[in-house]
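**Student:** Just to be clear, the model below is a prediction. Sequence and coordinates:
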Amino acid sequence: MSQGDEHKGKVIELAGGVEYAAGSVVSKTILDKKTGTLTLFAFDKGQGLSEHTAPFDATVQVVDGVAELVVGGTPHTVTAGQLFIMPANIPHSVRAVERFKMLLIMIR
């Protein structure tokens, strides 16, 4: 059984699927396949991911809170209910303006 098979055929509650931790970023992999991944993240206020690149487009589905995504030097504020696609090979970073949860969708 590959990672994520235990979630197949079941409802996944995104907002409750990963909990906040003080001063931390918490992640939980929901699905990990050769073709891509689904990962839930919870960021405490002020926490983030430093600038990096990915070889594939990275889609952020905002589940809770507010974050700033900086893509290619341009800041974007995202809030619950929004979706943002970060293009492959462009430097990007994530910072929680307030507590923030997201589903990161990577398709290879």
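**Tutor:** Noted; the coordinates are in hand.
**Student:** tell me the strands in this protein, going along the chain?
**Tutor:** Taking DSSP state E, the strands of the chain run over residues 25-33, 36-43, 48-52, 58-71, 74-79, 83-86, 92-107.
**Student:** looking at those strands, which is closest to Ala15?
**Tutor:** Nearest of the strands of the chain to Ala15, taken as CB to CB: strand 58-71 at 5.4 Å. Backbone N, C-alpha and C define where each C-beta goes, glycine included.
**Student:** quick one on the thing from earlier: just put the strands of the chain in JSON lines and tack on mean pLDDT.
**Tutor:** JSON lines is the format used below for the strands of the chain (pLDDT from 0 to 100):
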{"stretch": "strand 25-33", "mean pLDDT": "96"}
{"stretch": "strand 36-43", "mean pLDDT": "97"}
{"stretch": "strand 48-52", "mean pLDDT": "97"}
{"stretch": "strand 58-71", "mean pLDDT": "98"}
{"stretch": "strand 74-79", "mean pLDDT": "98"}
{"stretch": "strand 83-86", "mean pLDDT": "97"}
{"stretch": "strand 92-107", "mean pLDDT": "98"}
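**Student:** Kindly reformat those strands as JSON lines containing distance to His7 and mean neighbour count.
**Tutor:** Below are the strands of the chain laid out as JSON lines (distance: least, CB to CB, whole Å; neighbours: other CB atoms under 10 Å):
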{"stretch": "strand 25-33", "distance to His7": "6", "mean neighbour count": "15"}
{"stretch": "strand 36-43", "distance to His7": "9", "mean neighbour count": "20"}
{"stretch": "strand 48-52", "distance to His7": "23", "mean neighbour count": "13"}
{"stretch": "strand 58-71", "distance to His7": "16", "mean neighbour count": "19"}
{"stretch": "strand 74-79", "distance to His7": "25", "mean neighbour count": "13"}
{"stretch": "strand 83-86", "distance to His7": "20", "mean neighbour count": "16"}
{"stretch": "strand 92-107", "distance to His7": "12", "mean neighbour count": "20"}
